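Participant: Kindly return the folded structure for what I paste below:
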Amino acid sequence: MIKVSVVTPSYNQAQFIEETIKSILSQKGNFELEYIIIDGGSTDRTVEIIKKYGKKIKWVSEKDKGQADGINKGWKMATGDIIAYLNSDDAYEPGAIQAVVEFFKKHPKIGWVYGKCMIVDENGKEVRRFIKWYRHLLGRKYNYNKLLTENFVAQPTVFLRRKILDDCGYLDIKQHLVMDYEYWLRIGRKYPARFINKYLARFRIYKKSKSGSMFVQQFRDELNTAKKYAKGEKWPILIHTFNFYKIIISYKIINRFL
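Facilitator: Okay, here's the model as predicted:
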């Protein structure tokens with residue numbers, strides 16, 4: 001039986017983390033689940049909530065060097081054949097892990113996958129449907145040069161085989177906003193991904209979240225990261241620069257009027 005390890009990094013997310021936990025522990029299918037929470041020393045009710053689930057969760061609560069460091073700690077503890085991380089304000093859709101397991105079984109040469117992802121607000125209401133539709137359209141067929149022009153991979157939907165960690169290492173702890181995109185570019189040339197045409201997760205965006213409050217810096221960091229991995233290729237960076245301004249303007253309009 002395939003073993004799937006999911007890591008949740010957390011810090012003071014008592015408002016959302018129980019929904020995240022339930023969405024993972026309720027996954028059913030032909031797989032063994034290992035769930036690990038790495039808490040950065042929360043001072044709210046986060047640890048109290050985690051303790052409710054007893055031995056169903058492996059967890060630690062201690063200061064760390066940020067989100068990427070917490071994820072790396074969890075990945076190093078993980079013993080699964082398939083590895084993922086889900087932030088403490090996001091959630092999996094029912095049947096997500098089983099869909100991933102079935103896909104990996106049918107495609108043994110594929111190293112990592114991603115799928116469709118809804119965007120919800122702090123109350124769980126779906127928002128930004130056009131952005132969701134646009135990313136699904138862009139990401140249906142994986143292409144590395146296209147990934148250099150724009151990040152179309154929805155992080156909560158990503159699952160990867162352990163061999164990628166063994167071969168390519170872990171997240172860059174110096175990255176605080178685009179550790180996921182940096183990793184996709186690092187692994188994506190050697191290990192092309194595949195798209196699963198199914199809703200696998202819900203990504204939550206709200207004013208206090210990184211994506212909600214620091215989106216300008218986030219997309220600037222994505223552009224700089226793409227430049228690092230483009231290896232002198234000019235056209236992907238020219239397109240990414242255009243996309244940077246396009247998405248910044250779009251987000252500012254959305255935040256102002258919606």
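
Participant: hmm, who's touching the longest helix seen in the chain?
Facilitator: Scanning the chain for the longest helix, with DSSP state H as the assignment, gives helix 234-257. For helix 234-257, contacts defined as C-beta atoms under 8 Å, 6 or more residues apart in numbering pick out 128, 131, 145, 148-150, 215-216, 219-220, 222-223, 226-227, 230. Using the backbone N, CA and C atoms, a C-beta is placed for each residue, glycine as well.

Participant: In ChimeraX, how would I select just the buried ones from the residues you listed?
Facilitator: ChimeraX command restricting the contacts of helix 234-257 to the buried ones, with burial defined by 16 or more other C-beta atoms under 10 Å:
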select :128,148,149,150,215,219,222,223,226,227,230
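
Participant: of all the contacts of helix 234-257, which comes closest to Val47?
Facilitator: Phe215 (29.8 Å; C-beta to C-beta).

Participant: tell me the contacts of the closest one?
Facilitator: Listed by C-beta under 8 Å, 6+ apart, the contact set of Phe215 reads 248, 251.

Participant: And for the one 4 residues further on?
Facilitator: For Phe219, the set of contacting residues under the criterion of C-beta under 8 Å, 6+ apart consists of 244, 247-248.

Participant: What's the first helix or strand after the lowest-mean-pLDDT helix or strand in the chain?
Facilitator: The weakest-scoring helix or strand in the chain, judged by mean pLDDT, DSSP states H and E, is helix 210-213 (a mean of 66). Following helix 210-213 in sequence order, the next helix or strand is helix 215-230 (DSSP states H and E).

Participant: Which residue lies nearest the spatial centre of the protein?
Facilitator: Gln155 (2.3 Å; C-alpha atoms, centre = their mean).

Participant: these two touch, right, that one and Met179?
Facilitator: No - with contacts counted by C-beta atoms under 8 Å, Gln155 stays clear of Met179, the gap being 9.2 Å.

Participant: what's the neighbour count on Asp221?
Facilitator: 18 (other C-beta atoms under 10 Å).

Participant: what's the closest non-adjacent residue to it?
Facilitator: The shortest distance from Asp221 to any residue other than its chain neighbours is 4.4 Å, reached at Val178 (C-beta to C-beta, 6 or more residues apart in numbering).

Participant: so where's the stretch 1-150 of the chain shaky on pLDDT?
Facilitator: Applying pLDDT under 70 to the stretch 1-150 of the chain flags no residue at all.

Participant: any chance you could map the strands in it?
Facilitator: For the stretch 1-150 of the chain, the strands defined by DSSP state E, counting those that start in this stretch cover 3-10, 32-39, 58-61, 82-85, 91-92, 112-120.

Participant: I'd like to know which elements the shortest one is packed against.
Facilitator: Right, the one you point to is strand 91-92. Secondary-structure packing of strand 91-92 (3 or more C-beta pairs under 8 Å, 6 or more residues apart in numbering; DSSP states H and E): helix 17-25, strand 194-204.

Participant: of all the ones you listed, which lies closest to Trp112?
Facilitator: Between these, strand 194-204 lies closest to Trp112; by C-beta to C-beta that is 8.0 Å.

Participant: Which strands or helices does the closest one pack on?
Facilitator: Partner elements for strand 194-204 (3+ C-beta pairs under 8 Å, 6+ apart): strand 91-92, helix 96-106, strand 112-120.
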